[in-house]
Structure formats: C-alpha cells, structure tokens
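Participant: For reference, the sequence and a predicted model appear below.
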Amino acid sequence: MSQLFNNKVLIFITLLSLALLASACKPSAEKLLQDGNDRFEEEAYLESLAIYQQANFEDPEIAEPYYNAANALYRQGAFGEGLSLMQEALKFADEESLIESSFFNMGNSTYNTQDFGSAVDAYKQALLVDPFDKDAKYNLELALLQQEQQEQEQEQQEQEQQEPDDQEQESENNQQESEDQSEDGQDQEQDQQQEQDQSQDEQGEGQKESQQEDEQGQPQDGQDQEEKPPSQTPPPGQRMTAEQARQLLAAIAQESETLQEKLGQIFVAPPIPPVQDW
C-alpha cells in the first residue's frame, strides 16, 4: 500500500515537471516581439517578419506584432500587404503614439502607390492625433501637391484623348457638309436647267403666240389676205381692153344689172362746165 502511494506521487511530480519545462521552453509573445525587433534592426526583414507572425499566433490581440510586420513589408516594397497589416494594428492599438504612427505609415504606403488622395486622408488622421508631428505636416503638403499635379495630368490626358475624337467628328461633319453642298449644287444646277428649259419653252410659246397675233392682226406680204379681183372699170376717158370686156360680161352674167347700166357707169362723160359770164 505504501509502495503504491509512492508511485502515484512520483508520476504526479514527473508530469508536473514536464509541464513546467514545456512552459519554460515555449517563448511568449513579448519575447518573440523582442526577437523580431532585433532582427529588424539588423535589416533581416524576412526573418523579423516570420518572428512577428509567430508572435501574432501566440497572441492575436496585440497590436505591436501587426505594426512591426507591416513595417518589415514596407521595407521590402510590399506596400499593399503592409497597409493591410497596419489596418489590423489600428484595431487593437490603444496608445496614441501607436495610433498616430499607424496612420502616418499608412500615408507613406498609399503615397508610394501614388494613391495621393488616400495618403492625404491618412496624414490628416495622424495630425488629428498629434498636431505637432512635423513629418506628418511635411508629407501632407507633399501629398497635396502630388494630388493636384496628378489631377492636372489626368485632365490633360482626357483632353488629348478627346481631341482626336473631336477632330474625327469634325472631319466627318466637314465631309458630310461637302457632300450636302455637292448635292445642293447638283440640285441648283438641275433647278437652273429646269428654269432655263421652262424659260425657253415660255419664250417659244411667246414667239408662237406673237407670230399668231402677227398673222391675225397684220398679215404679211399678202399671205392670208383675200385676193381682190382687179378693177373692172377703166379710168375715165380710156377704152376698155379685151380682158376688161370679158370680165365685164362675166360680171353681167352674175349680177342683175343691164349692159346699158354698166356701160353708162363706165363711159360717163364729165359734165360740161358752164359758160362763163364775162
């Protein structure tokens, strides 16, 4: 019985010793953080980054390992990854100095990615925490200048891209105007030709009407005039010719007058003037 009790005590002591030994061999998050800082000062950034990640695994709610790991990534040029870790550090940071430094480093990360708008916002947040941070003021002014220059360059690029489109549109408009003018010119020529044809037709009709009027009002050169027979009566004091006699006989046959009447009309002697009373 006594021997069994002694064995149980021995087993308990052995297990307790092993637990204490394991606890003593396992490094704490604070110890890991210090080791990581030592490697960081030696510019062994990849080794320090691995140690900081181990410290985060040991205590995920400590802000310093995130912050230091973000700085190690920043030194390697991994600005995007460092920015994500800096945002994690802000979730757990409770000291103003760490909060202000986190915003300041976030401004540096976004500045290097040429996200000058985000850099301006980050530097402003840092100055809200510590208005006397000269580095944050200087970086803020520099970020504002870079932001303004970037906006001007973007506007210039947009204008340069717009100009070819405007020129192309203007060329199309000019071409369309030229085509319209050509069509208008053709239409005008057609209209002028139609007007000329119409004018010629009207002139032709006018000439025809004028000719008809001349033919009706003023017959020319005996055309359309009714031919009158030559006078059948010879002048007084002249003898009738054979032709006149023939015509006279023909007229007598057609009319009711007697030969004597016609002869009396033809051979009427002029009256004898009266005797002058001297």
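Facilitator: Received the coordinates, thanks.

Participant: Low-confidence bits of the chain, can you list those?
Facilitator: 1-26, 165-166, 182-189, 199-240, 244-245, 248-278 (pLDDT under 70).

Participant: Going along the chain, name the strands of it.
Facilitator: Ranges of strands in the chain, per DSSP state E: none exist.

Participant: Can you show me the helices along it?
Facilitator: With helices called from DSSP state H, the chain shows them at 2-25, 29-41, 45-58, 63-75, 79-92, 96-112, 116-129, 134-217, 242-254, 259-266.

Participant: list the buried ones in the second one?
Facilitator: Neighbour-count burial for helix 29-41, counted by 16 or more other C-beta atoms under 10 Å, picks out 29, 32-33, 35-36, 39-40. Backbone N, C-alpha and C define where each C-beta goes, glycine included.

Participant: What lies in contact with that helix?
Facilitator: With C-beta atoms under 8 Å, 6 or more residues apart in numbering as the test, helix 29-41 has contacts from 27, 45, 47-49, 51-52, 54-55, 58-59, 62, 64-65, 68, 71-72.

Participant: do the fifth one as well
Facilitator: By C-beta under 8 Å, 6+ apart, the residues outside helix 79-92 that reach it are 61-64, 66-67, 69-74, 98-99, 102-103, 105-106, 109-110, 112-113.

Participant: How about Y45: what's its closest non-neighbour residue?
Facilitator: Leaving aside its sequence neighbours, Y45 sits nearest to A72 (C-beta to C-beta, 6 or more residues apart in numbering; 4.5 Å).

Participant: Could you report the neighbour count for that neighbour?
Facilitator: Neighbour count for A72, taken as other C-beta atoms under 10 Å: 25.

Participant: The contacts of helix 29-41, buried ones only, as a PyMOL selection?
Facilitator: The PyMOL command for the buried members of the contacts of helix 29-41 (criterion: 16+ other C-beta under 10 Å) is given here:
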select buried, resi 45+47+48+49+51+52+54+55+58+62+64+65+68+71+72
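
Participant: and the residue nearest to Y45, what does it touch?
Facilitator: Per C-beta under 8 Å, 6+ apart, neighbours of A72: 40, 45-46, 48-49, 52, 82.

Participant: Just send those residues back as TSV, with distance to E168 too.
Facilitator: As requested, the contacts of A72 are exported to TSV (distance: C-beta to C-beta, whole Å):
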residue	distance to E168
F40	57
Y45	53
L46	54
S48	57
L49	53
Y52	57
G82	45
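
Participant: Tell me the one of the residues you listed nearest L145?
Facilitator: G82 (23.9 Å; C-beta to C-beta).

Participant: The residue nearest to S28 when sequence neighbours are not counted and N71, how far apart?
Facilitator: For S28, ignoring the flanking residues on the chain, the nearest one in space by C-beta to C-beta, 6+ apart is E58 at 6.9 Å. In this view, E58 and N71 are 19 Å apart by C-beta to C-beta, to the nearest Å.

Participant: now E155
Facilitator: Applying C-beta to C-beta, the value for E155 to N71 is 36 Å.

Participant: measure stretch 34-52 end to end?
Facilitator: This stretch, stretch 34-52, spans 9 Å end to end (C-alpha to C-alpha, to the nearest Å).

Participant: Please read the previous query as pertaining to stretch 127-135.
Facilitator: Start-to-end span of stretch 127-135 (C-alpha to C-alpha) is 10 Å.

Participant: what's the neighbour count on A126?
Facilitator: Other residues near A126 come to 25 when the count uses other C-beta under 10 Å.

Participant: With adjacent residues omitted, what lies nearest to it?
Facilitator: A126 sits nearest to F103 (C-beta to C-beta, 6+ apart), 3.9 Å away.

Participant: Next up, the contacts around that neighbour.
Facilitator: Applying C-beta under 8 Å, 6+ apart, the residues contacting F103 are 90, 122-123, 125-126, 129.

Participant: Among those, list the two that are farthest apart in space.
Facilitator: Largest pairwise distance in these, by C-beta to C-beta, is 14.9 Å, between L90 and Y123.

Participant: neighbour count winner among those two?
Facilitator: Y123 (28 against 16).
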